[in-house]
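**Q** Build the 3D model from these lines:
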Amino acid sequence: MALDRKHLGRESALLVLSLVVLGATVGVLTVTLSLAVAGAATIFSEHPFSVWLLPVAGFATYGIYRVFRLDYSWNTSRVMEAIRDGRMVPVALAPAIMVGTFLTVLCGGSVGIEAAALQMGAAVGSIAPERDVSDCRKLFARAAMAAALGAMLGTPLAGAVFCFESLRERPDSIRCATAPLVSSFVAWAIADASGVAFFDMLKFPVLIDIESETVILVAVLGVCAGLLSLFFCSSLGILRKGLARLGAPVFALAAGGVVTALIVGYADLFHYEGLRVYCGTGAAQVEAALLGASLPWWAFLAKMALTLLTFAGGFKGGEIMPVLAIGACLGSAMSMIVGSCCATETAYLGLVLVEMGIVSFFAACTNCPLTALTMCFEVFGMGSTLLALVAIAPAFLISRSSSLYPTTIPTVKRKTLSSTNCSHTKTRSKHFKLFSDNNKRDR
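**A** Residues are numbered from 1 along each chain as shown. The predicted structure follows:
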């Protein structure tokens, strides 16, 4: 009995140590990725003509994946499905997604970095011990996933919630529940010590009496976020399906890159330089909206359009940061409408609508309302949670049949999406087989 306890104590200590090392590794990778992408964004702002090189950046990313012998279809959705099923995530995905995200932001693509950090974390977390490989792989992959999101957004609790909610799973043991928390807090501590943060921690305005008008406006904003999410996710699926018919991924990259470059490039030529601001991660829009800066009412449409083109083309990067930016711009637009139509607008209402726009659109696009509520609590404080429930509930209920991540869609819908993805994969395989056969004949 004493030997069993001693053995159990050693295993627990080894597990905690492994999780700390995993969290530290993911934290360092996240900080490195954040600094690299920040440098890429600075270069793009100083040399906006680099948007014309966006197709070249896509081709270079595709070449890097081929060098690492990676299937180019590896994205956040596929990584999450692999984690759910206990399958291996290639370790080479970590450097590949880092370079791919850097190149996309360098040339003006509208992508974030948190999903890239998530993919890197999952790749590192897939390195499991030899014993009980399947169980360890699942445990470490979820812990790495939580660490990546917690470090990037500065929300360790939300990261731990997301790793279960996004996979539609419940922790089946204390070890399973605590592992993501340990790694997430370690990664967050490293990112925080390095000064890497996506959000400026603005506390929610103190509302002594919540007026009924405020509740109604927040509920309407939640409805708008849900409807906009339906349009966003549906449009992304349609565009991806259309570009998949071109065959090889390079054709989709060429189409998406050329159209994006033409839109942004000609906007600069005709002195609409303001459109260029909506390239990149979206951190600038979130910061401006939270600080009360004046954004045009169409800002959320511009950011959404550029994001759709970038992701439909197959460029590498994260989805969450652009989603948060679109939500912030949506809240800012509603604040402008309320300010112009109603004389009863107070000083805090604009900030309230921006914050609720962020969390409600995130909940709608990811089908993760608990993660959105936890993130709201961590970023904006306890005072925001009541109104956040009012915004998140309608947004989630309206858009629960669609999501950026198939693992969060109800089972019947998910099967349909999986069969569609399989047919696209088969089409691409046939194309590549035909291509290689033609090359052999030529030789």
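**Q** Could you report the pLDDT at I97?
**A** Confidence at I97, expressed as pLDDT, is 90.
**Q** give the contact list for it.
**A** Residues near I97 by CB atoms under 8 Å, 6 or more residues apart in numbering: W74, A116, Q119, M120, K316. (Each C-beta comes from the backbone N, C-alpha and C, glycine too.)
**Q** one more time with 7 Å, if that's ok
**A** Residues in contact with I97 (CB atoms under 7 Å, 6 or more residues apart in numbering) are A116, Q119, M120, K316.
**Q** before we move on, what about R170?
**A** Contact analysis of R170 by CB under 7 Å, 6+ apart lists F164.
**Q** So for the spatially most central residue of the chain, what's the nearest residue that isn't a sequence neighbour?
**A** By CA atoms, centre = their mean, the chain has its centre lying nearest to I320, at 2.6 Å. In space, and not counting its chain neighbours, I320 is closest to E114: 4.7 Å by CB to CB, 6 or more residues apart in numbering.
**Q** how near is that neighbour to V352?
**A** Distance from E114 to V352, counting by CB to CB, to the nearest Å: 24 Å.
**Q** Looking at those two, which one has more neighbours?
**A** Using other CB atoms under 10 Å, the more surrounded residue of E114 and V352 is E114, with 27 against 24.
**Q** any idea how far the residue nearest to the centre of the chain is from A117?
**A** 10 Å.
**Q** cool, and N75?
**A** For N75 relative to A117 (CB to CB), the value is 14 Å.
**Q** between those two, which one's more packed in?
**A** Neighbour tally, N75 and A117, criterion other CB under 10 Å: the higher count belongs to A117, 36 against 19.
**Q** Spit out the contact partners of that one.
**A** By CB under 7 Å, 6+ apart, A117 lies in contact with L29, T30, L33, A148, A151, M152.
**Q** same question, G256
**A** Contacts of G256 (CB under 7 Å, 6+ apart): L243, L309, T310, A312, G313, G314, F315.
**Q** Looking at these, which are in helices?
**A** L243, L309, T310, A312 (DSSP state H).
**Q** Columns distance to A189 on top of the residues you listed, output as a markdown table?
**A** Shown next, in a markdown table, are these (distance: CB to CB, whole Å):
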| residue | distance to A189 |
| --- | --- |
| L243 | 41 |
| L309 | 37 |
| T310 | 32 |
| A312 | 37 |
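**Q** Identify the farthest-apart pair in those.
**A** Farthest pair in these (CB to CB) is L243 and T310. Separation: 11.9 Å.
**Q** and those two? which has more neighbours close in?
**A** For L243 and T310, the more surrounded residue by other CB under 10 Å is T310, and the numbers stand at 25 against 19.
**Q** Next up, the contacts around that one.
**A** T104, G109, S110, V111, G256, T260.
**Q** quick one: which of those residues is most hemmed in?
**A** G109 (33 neighbours).
**Q** does that residue sit in a helix, a strand or a coil?
**A** Assigned with DSSP: H, G, I helix; E, B strand; the rest coil, G109 falls in the coil class.
**Q** ok, it touching G318?
**A** No: counting by CB atoms under 7 Å, G109 sits too far from G318 to count as a contact (11.0 Å).
**Q** how close does L404 get to S166?
**A** Distance from L404 to S166, by CB to CB: 10 Å.
**Q** related to what we said a few turns ago, what would the contacts of I97 look like in TSV with distance to A267, neighbour count and secondary structure?
**A** Formatted as TSV, the contacts of I97 follow (distance: CB to CB, whole Å; neighbours: other CB atoms under 10 Å; DSSP: H, G, I helix; E, B strand; the rest coil):
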residue	distance to A267	neighbour count	secondary structure
A116	27	33	helix
Q119	31	30	helix
M120	33	29	helix
K316	24	31	coil
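**Q** ok, back up a step: can you give me every residue that contacts the residue nearest to the centre of the chain?
**A** Counted by CB under 7 Å, 6+ apart, I320 has contacts G112, E114, A115.
**Q** circling back to that earlier point, ok, so of the contacts of T310, who is nearest L15?
**A** Using CB to CB, those come closest to L15 at V111, 34.5 Å.
**Q** nearest residue to the closest one other than its sequence neighbours?
**A** What sits nearest to V111 in space, not counting adjacent residues and going by CB to CB, 6+ apart, is G317, at 2.3 Å.
**Q** follow-up on the earlier one: tabulate the contacts of T310 (a markdown table), appending distance to A92 and pLDDT.
**A** As requested, those are arranged in a markdown table below (distance: CB to CB, whole Å; pLDDT from 0 to 100):
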| residue | distance to A92 | pLDDT |
| --- | --- | --- |
| T104 | 18 | 94 |
| G109 | 22 | 91 |
| S110 | 26 | 92 |
| V111 | 20 | 92 |
| G256 | 24 | 90 |
| T260 | 27 | 91 |
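**Q** in the stretch 51-200 of the chain, which spans are helices?
**A** 54-67, 76-85, 93-106, 114-125, 133-153, 156-165, 174-193 (DSSP state H, counting those that start in this stretch).
**Q** Name the member of the contacts of G256 with the most neighbours.
**A** F315 (28 neighbours).
**Q** Run the chain-centre distance for stretch 108-126.
**A** From the chain centre to the centre of stretch 108-126 is a distance of 8 Å (CA atoms, centre = their mean, to the nearest Å).
**Q** and what of stretch 38-56?
**A** How far stretch 38-56 lies from its chain's middle: 21 Å, per CA atoms, centre = their mean.
**Q** That stretch: end-to-end distance?
**A** 20 Å (CA to CA, to the nearest Å).
**Q** Show me which parts of it are buried, residue by residue.
**A** Buried positions in stretch 38-56, judged by neighbour count with 16 or more other CB atoms under 10 Å: A38, A40, A41, F44, S50, V51, W52, L53, L54, P55, V56.
**Q** Of those, just say which sits nearest to L275.
**A** For the buried residues of stretch 38-56, the nearest to L275 is V51 (10.4 Å; CB to CB).
**Q** Need the per-residue pLDDT for that closest one.
**A** Confidence score, pLDDT, at V51: 90.
**Q** any idea how far it is from A261?
**A** V51 sits 5 Å away from A261, going by CB to CB.
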